[in-house]
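Asker: my questions concern the predicted model and sequence given below.
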Amino acid sequence: MTHNVKFKVKPGGKLSGRIRVPGDKSVSHRSIMLGSLAKGTTHVTGFLEGDDSLATLRAFQDMGVKIDGPNKGNVTIQGVGLRGLKKPNNPLDMGNSGTAMRLMSGILAGQNFDCELIGDASLSKRPMKRVTDPLSKMGANIQTATGGMPPLKMSNGQNLKAIHYDMPMASAQVKSCVLFAGLFAEGTTTVIEPAPTRDHTERMLNGFGYQVTSKKLDDSRSEISLVGGGELTASDIDVPSDISSAAFFMVAGAIAPEANLVIEHVGINPTRTGIIDILKLMGAQISLKNESIVGGEPVADIHIQSSKLKGIHIPEHLVPLAIDEFPVLFVAAAAAEGQTVLTGAEELRVKESDRIQVMVDALVAVGVDAVATEDGMIINGGKQSKQNAVIESHHDHRISMAMTMAGLNAVDDIVIDDCANVNTSFPTFLELANQIGMNVSIVKD
Ligand code: S3P
């Protein structure tokens, strides 16, 4: 979209209905990556047709992989095997997606052709040293812009060496990048994660017949290993709905004065359910129904009703398990009674925007008592007080959507500037918000 899209949200609303949010973004990226690197044909259903996962899809098409779709969430990938990618003619454009750039860098480090990874204004300011450091240790040759930022210029062709990597931060992207590079390296690559992070890469590799072992080292640390030089075998993938997208409607249901919502077929992988645990600790009426396993991932319907939320100190062990949900959790905290304190969440400062500062600014703009700390936030909840608030999304889809939900608890209309970015992860967001009874309209410049 070239024009600026603004959302205008009217306060309040009586929310009800059953909705299905789009496919999981993390699983969608990985389905294209592993489907392309496998031998045989992979059929994907429930694929997220958002800009981020489409950037990954196009990158593999640019490297010679025949991919049909997406068509209503269906994608068919003719895998080329681990050694079958071709040199792209142009730099690979990862758009707004940190996941695409960081995971792809691991795969590309193992190729015998040079290439370049580029991104949009937001991605071009995000740290890539966290992936270029371990990849360099494996023998990759990658140049970045000043400060370790994109673009990544990769001069490939060297044989990668397996590593034993103790990750300095709890990051599924870094873990996945190193494991992907490990597929092309000689020997056993091991990543130690300081706290559990989403494990879709491990699950999907196993689903494609590639053995990955995970071992708990203590209460928080785990060791994940694979041996390079194997083969991936195509396997069909049913992508569950994205819990990170469902989160906006979980919070909407909890904070609206009247609400009764069911969000269907949501992925509830235990490395992603921090949002449910945190909302429960805050007193939300939330429950899971129809639990089942689909394609190696647990799914359930999530039932949420209007709740009297209270402020809490968010347990730090839940932070990596809810890492993408904090913008909307801050909105829940703003509507809760009492104080909410978040600590141990400095990673929020290097997401699509600095989600601590940007959310403090947004909450203060609508009249919430919120203060940023180095690694989190302190919010004193209650009724929002400021009228005519105009919010900046700072190129961050989750700020646009979180602040839309803040409209439920506002005293006046809220306008959110720069919302076309919602298409990166949740193209049907506006439609679903209005379908359940919110009043959100588009204002075009
Ligand atoms: C993701 C991992 C997380 C998350 C991102 C998706 C993934 O990033 O924030 O939206 O798919 O592996 P970090 O690994 O940087 O925490």
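Answerer: Received, thanks.

Asker: secondary structure element holding the closest residue to Gln211 other than its chain neighbours?
Answerer: Nearest residue to Gln211 in three dimensions, chain neighbours excluded: Leu226, at 6.7 Å (C-beta to C-beta, 6 or more residues apart in numbering). C-beta here means a position set from N, CA and C on the backbone, and glycine is covered the same way. Using DSSP states H and E, the element containing Leu226 is strand 222-227.

Asker: touching the ligand at all, that strand?
Answerer: No: judged by C-beta under 6 Å from any ligand atom, strand 222-227 and the ligand are separated, with a smallest distance of 13.1 Å.

Asker: in the chain, which helix or strand is least confident?
Answerer: strand 439-444 (a mean of 92; mean pLDDT, DSSP states H and E).

Asker: name the strands paired with that strand and say parallel or antiparallel.
Answerer: strand 5-10 (antiparallel) (DSSP bridges).

Asker: name the residues that touch the partner strand?
Answerer: Residues from elsewhere that reach strand 5-10 (C-beta atoms under 8 Å, 6 or more residues apart in numbering): 400, 403-404, 406-407, 410, 413-420, 430, 438-445.

Asker: can you name the next helix or strand after it?
Answerer: Criterion used, DSSP H and E; the element after strand 5-10 is strand 14-19.

Asker: each with direction, which strands does that next one pair with?
Answerer: Short version: by DSSP bridges, strand 14-19 pairs with strand 258-267 (parallel).

Asker: any residues touching the strand it pairs with, and which ones?
Answerer: Contacts for strand 258-267 (C-beta under 8 Å, 6+ apart): 14-21, 24, 27, 240-243, 246, 249-250, 252-253, 289, 294, 297-306, 436.

Asker: check which residues of it are buried.
Answerer: Of all the residues in strand 258-267, those buried under the rule 16 or more other C-beta atoms under 10 Å are 259-267.

Asker: okay if I get the residues you listed as CSV plus pLDDT?
Answerer: Shown next, in CSV, are these (pLDDT from 0 to 100):
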residue, pLDDT
Ala259, 98
Asn260, 98
Leu261, 98
Val262, 98
Ile263, 98
Glu264, 98
His265, 97
Val266, 98
Gly267, 98
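
Asker: okay, those in TSV with distance to Pro196 next?
Answerer: Below are the buried residues of strand 258-267 laid out as TSV (distance: C-beta to C-beta, whole Å):
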residue	distance to Pro196
Ala259	31
Asn260	32
Leu261	28
Val262	28
Ile263	24
Glu264	26
His265	24
Val266	19
Gly267	16
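
Asker: between the residues you listed, which is nearest the ligand?
Answerer: Nearest to the ligand among those, counting by C-beta to the nearest ligand atom, is Gly267 at 11.9 Å.

Asker: ok, the nearest residue to that closest one once chain neighbours are set aside - contacts?
Answerer: Closest residue to Gly267 apart from its sequence neighbours, by C-beta to C-beta, 6+ apart: Pro240 at 3.4 Å. Listed by C-beta under 8 Å, 6+ apart, the contact partners of Pro240 are 23-24, 27, 46, 265-267, 294, 297, 299.

Asker: of those, keep whichever come out buried.
Answerer: 23-24, 27, 46, 265-267, 297, 299.

Asker: turn these into CSV, including distance to Ile275.
Answerer: Formatted as CSV, the buried ones among the contacts of Pro240 follow (distance: C-beta to C-beta, whole Å):
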residue, distance to Ile275
Gly23, 17
Asp24, 13
Val27, 17
Gly46, 20
His265, 16
Val266, 10
Gly267, 12
Glu297, 16
Val299, 15
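
Asker: circling back to that earlier point, and the residue nearest to Gly267, how close does it get to Ile268?
Answerer: Going from Pro240 to Ile268 by C-beta to C-beta, to the nearest Å gives 8 Å.

Asker: so the residue nearest to Gln211 sits right up against Val191, yeah?
Answerer: No: if you go by C-beta atoms under 8 Å, Leu226 and Val191 don't touch, sitting 9.3 Å apart.

Asker: spit out the residues that contact those two alike.
Answerer: With C-beta under 8 Å, 6+ apart, Leu226 and Val191 have common neighbours Leu179.

Asker: near the ligand, anything from stretch 308-326?
Answerer: Yes: interface with the ligand: stretch 308-326 contributes 323-324 (C-beta under 6 Å from any ligand atom).

Asker: so which bits of that stretch are buried?
Answerer: In stretch 308-326, counting by 16+ other C-beta under 10 Å, buried: 309-312, 314, 318-326.

Asker: tell me, how many residues neighbour Gly222?
Answerer: One thing to correct before we go on: residue 222 is Ser, not Gly. 19 (other C-beta atoms under 10 Å).

Asker: that one against Glu193, yeah?
Answerer: Yes: between Ser222 and Glu193 there is a contact under C-beta under 8 Å: 5.5 Å.

Asker: mind listing what the nearest residue in space to Asn409 that is not next to it in sequence touches?
Answerer: Distance criterion C-beta to C-beta, 6+ apart; nearest residue to Asn409, sequence neighbours excluded, is Ala335 at 4.5 Å. Contacts for Ala335 were tallied using C-beta under 8 Å, 6+ apart; they are 254-255, 309, 381, 408-409.
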